[in-house]
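>>> sharing a model prediction with you, sequence too.
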Amino acid sequence: MAKRVFLIVLDSCGIGEAPDAQNFGDKGANTVGSISKSKEFNIENLKNLGFSEIDGLSYLGKGNLKSEVARLREKSKGKDTTIGHWEIAGIVSEKPLPTFPNGFPKELLDEFSRLTGRGVLCNKPYSGTEVIKDYGEEHLKTGALIVYTSADSVFQIAAHESIVPPETLYEYCRIARKLLVDNLGVGRVIARPFEGEYPFKRTPRRHDFSLEPPEDTILDELKAKGFDVIGVGKINDIFSGKGLTEYTYTKNNNDGMEKTLEYQKKDFNGLCFINLVDFDMVYGHRNDVDGYAKALSDFDKWLPSFIKNMKSEDVLIITADHGCDPGDESTDHTREYVPFIMYGENIEPKNNGTVDGFTFVADTVKKLLLG
């Protein structure tokens, strides 16, 4: 039995194409494979735990096996953040969340405009940095909101903070969230504030408004039994606050790692669930191979400081929610296996091979905390 479990999701750190990758347009995708070729790539501490012992990662070179490891295959019909995290927490989504490759229906946007009092620009799949370059100046002139999507199940609203203050943008997102239900029920409505002059710069005041999980997760079960359930980063947004007893947002990976160390110093009993988003948002979606490699290397450098301060009843789990291969032509998420590493004083080193279901994580956390 453990007292505290620290579950860290390296957002989008896929480790090779899943068997059904071709069904998602992702044949050949391999996030770690792409970044491993970068001069910035150095993950000796992860390899020392057993990362390179995971199925399909022997090309990284020999490491050690000081933890329990596995390669996890997603069961849910999707490759997005929401579905990936829900499955990590115990929910398998048999039906994919809706996507809108041709934009959102006119009737929806007309009602959205009526309720917000603002027009709409774009309404098509777009890169988040390119969309503000192409529509930012028109937005400044007209005040119309930049609405766009991607290959993922998202409704994104970009607005300059001088035209639409973040809190107002969040309110517009809440309006959209209420409209986007049933067949329009996207996984996330995302506020994308930006600032400055052309070509503009996105600010760290992004905020996600997710669908509420359709059923209880391991978070709800732990909370109901009196455990602490702490979310760090966008965990609160992904689960729409459901099952959490406490949460904090983060500005970037470094802030997330610092806040994880702060929680490590606190006395709590339960789960600390952490999402490190920069891998996906800053590097994967921007096809920045070197940036992604450096970010993972920075996490690797941080890891010993966390392990050094682990207590005898602490357990560390490291995993991911999907891939986002920065070496791929697309800037979208990729359907990949994800790693599972579990380390602690009382964890026996073991290689589980390849396991069906990210739900393996929820099952493991349940066993650790509930027996």
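Sure, I can see it.
>>> does residue 354 really touch residue 57, like I thought?
No - between residue 354 and residue 57 there is no contact under CB atoms under 8 Å: 11.6 Å. Every residue, glycine included, has its C-beta placed from N, CA and C.
>>> direction included, what does the worst-scoring helix or strand of the chain on mean pLDDT pair up with?
Scoring the helices and strands of the chain by mean pLDDT, DSSP states H and E places strand 207-210 at the bottom, with a mean of 91. Sheet pairing of strand 207-210 (DSSP bridges) gives strand 188-195 (antiparallel).
>>> so residue 223, which state does it fall into?
helix (DSSP: H, G, I helix; E, B strand; the rest coil).
>>> counting neighbours, what do you get for it?
Using other CB atoms under 10 Å, residue 223 has 19 neighbouring residues.
>>> who's in contact with it?
Residues in contact with residue 223 (CB atoms under 8 Å, 6 or more residues apart in numbering) are 229, 243, 244, 245.
>>> who has more neighbours, residue 354 and residue 57?
Legend: neighbour count by other CB under 10 Å for residue 354 and residue 57, higher for residue 57 (22 against 13).
>>> give the contact list for the more buried one.
15, 16, 32, 51, 339 are the contacts of residue 57 under CB under 8 Å, 6+ apart.
>>> mind checking how far the second one is from residue 56?
Just to be clear, that refers to residue 16. Counting by CB to CB, to the nearest Å, the separation of residue 16 from residue 56 is 5 Å.
>>> and the top helix by length along the chain, C-alpha only, in PDB?
When the chain is parsed with DSSP state H, its longest helix is helix 289-308. Output of helix 289-308 as PDB, limited to C-alpha atoms (Å, rounded to 0.1, in the frame of the first residue of the first chain):
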ATOM      1  CA  VAL A 289      11.900  18.400 -32.800                       C
ATOM      2  CA  ASP A 290      14.800  20.000 -31.000                       C
ATOM      3  CA  GLY A 291      12.500  21.900 -28.600                       C
ATOM      4  CA  TYR A 292      10.600  18.700 -27.800                       C
ATOM      5  CA  ALA A 293      13.900  16.800 -27.200                       C
ATOM      6  CA  LYS A 294      15.200  19.600 -24.900                       C
ATOM      7  CA  ALA A 295      11.900  19.600 -23.000                       C
ATOM      8  CA  LEU A 296      12.100  15.900 -22.300                       C
ATOM      9  CA  SER A 297      15.800  16.300 -21.400                       C
ATOM     10  CA  ASP A 298      14.900  19.000 -19.000                       C
ATOM     11  CA  PHE A 299      12.300  16.800 -17.300                       C
ATOM     12  CA  ASP A 300      15.000  14.100 -17.200                       C
ATOM     13  CA  LYS A 301      17.400  16.500 -15.400                       C
ATOM     14  CA  TRP A 302      14.600  17.400 -12.900                       C
ATOM     15  CA  LEU A 303      13.800  13.800 -12.100                       C
ATOM     16  CA  PRO A 304      16.600  13.100  -9.600                       C
ATOM     17  CA  SER A 305      15.500  16.000  -7.400                       C
ATOM     18  CA  PHE A 306      12.000  14.500  -7.100                       C
ATOM     19  CA  ILE A 307      13.300  10.900  -6.600                       C
ATOM     20  CA  LYS A 308      15.800  12.100  -3.900                       C
END
